[in-house]
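Peer 1: Would you be able to build a 3D model of this:
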Amino acid sequence: MTPTARIAIPLLALLVAACTPDGKPMPIGGRTVEIHDGPIDVAEGDPRRAPLVDRLRLELEDDLDQPLRLEVQSLRERGGWAFAIVHPRTPNGAQIDYMRTHYADERRSGILEEDSTYALLRRRDDGWEVREFSIGSPDNAWMGWGRKHDAPPEIFLLAGE
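Peer 2: Numbers count the residues shown, from 1 in each chain. A predicted model of the protein is given here:
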């Protein structure tokens, strides 16, 4: 056995033992040992997905003043924070006519180039809260949200990174 393995195996066993059966940290000798996983890609069919997407859909329906469905490009969650990249669509799947929304001037001037919508959500006791969202922002307005809200930076990694 290599020297690294001699250290790593007992350490791994200690970390596994430090977790309760549901994977939550457990106090050991007066200290809580936590294992920090990376962000979770909340895939279709994951029970965590619907509450996140539904809350974001309600927020965007209010902003765009019309019923929507969301095409989810990416949804990542970690530590009670989630970052979503979605594409708002009409209930029948058509693209939104932004000229009929309060984004008409942005669309006309070219500021709103696409319909990619970025959103940061925070889990609360009563469900998810949308902290910020940006529709069609070519300047990646979301890039400072992690620091601004003290959200885990890993959730902002885009697909393929």
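Peer 1: Poorly predicted segments of the chain, please.
Peer 2: Residues of the chain that meet the criterion pLDDT under 70 lie in 1-39, 138-139, 158-161.
Peer 1: can you map out the strands along it?
Peer 2: 26-28, 31-33, 40-41, 69-78, 81-89, 117-124, 127-135 (DSSP state E).
Peer 1: what pairs with the fourth one, and is each one parallel or antiparallel?
Peer 2: Sheet partners assigned to strand 69-78 using DSSP bridges are listed as strand 40-41 (antiparallel), strand 81-89 (antiparallel).
Peer 1: got the angle between the last one and strand 127-135?
Peer 2: Using axes from the mean of the first three to the mean of the last three CA atoms, to 10 degrees, one finds that strand 81-89 and strand 127-135 are set 60 degrees apart in direction.
Peer 1: just to revisit the earlier point, check the strands paired with strand 69-78 for me and report the most buried one.
Peer 2: strand 81-89 (a mean of 22; mean count of other CB atoms under 10 Å). (Each C-beta comes from the backbone N, C-alpha and C, glycine too.)
Peer 1: can you list contacts of it?
Peer 2: With CB atoms under 8 Å, 6 or more residues apart in numbering as the test, strand 81-89 has contacts from 42, 52-53, 56, 60, 64, 68-77, 95-96, 115-123, 128, 135, 142, 145, 149, 151-152, 155-156, 158.
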